[in-house]
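Colleague: Pasted the sequence and its predicted model underneath.
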Amino acid sequence: MDIFYGTMTTKGQTTVPAEVRELLNLKPGDKIRYVVRDGDVILKAKNKRLADLAGILHRPGMAPLSLDEMDEAIGEAIVDHVMRSE
C-alpha cells in the first residue's frame, strides 16, 4: 500500500499528488468521486466515457442483449448491491 500526502487550503482545496494523478490517469477537468465507507475515504476517477466501455462485456459466442434485458440485469445488480449493503 502506498501513502501520499497533501495539504488542504482554507478554501477546502487540495492538490492530487502527481503519483496519484498518474495512477488514475487524471487529466485537467476530470471528475473525482469520494466514496466514504466505514470511516475510510476512497478516491475514484470518473474519467471514463461511455464510448470507452463499448464491448467490454462481450464474450465470443454470446448473443447480444436487448435494451430491456440490459435494464433488467442492471436492476437486478442494483437490488443485489443494496441487499448486501444492509
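Modeller: Structure's in. What do you need?
Colleague: what are the ranges of the helices in this protein?
Modeller: Taking DSSP state H as the test, the helices found in the chain are 18-24, 67-85.
Colleague: give me the low-pLDDT residue ranges for this structure?
Modeller: 48-58, 86 (pLDDT under 70).
Colleague: one more time with 50, if that's ok
Modeller: For the chain, no stretch is flagged by pLDDT under 50.
Colleague: ok, back up a step: quick one: closest of the helices of the chain to residue 39.
Modeller: Closest approach to residue 39 among those is made by helix 67-85 (15.7 Å; C-beta to C-beta). Glycine gets a C-beta too; all of them are placed from N, C-alpha and C.
Colleague: taking the helices of the chain together, which one is wrapped up most tightly?
Modeller: Neighbour counts (mean count of other C-beta atoms under 10 Å) averaged over each of the helices of the chain peak at helix 18-24, with a mean of 13.
Colleague: for that one, packing partners?
Modeller: strand 40-46 (3 or more C-beta pairs under 8 Å, 6 or more residues apart in numbering; DSSP states H and E).
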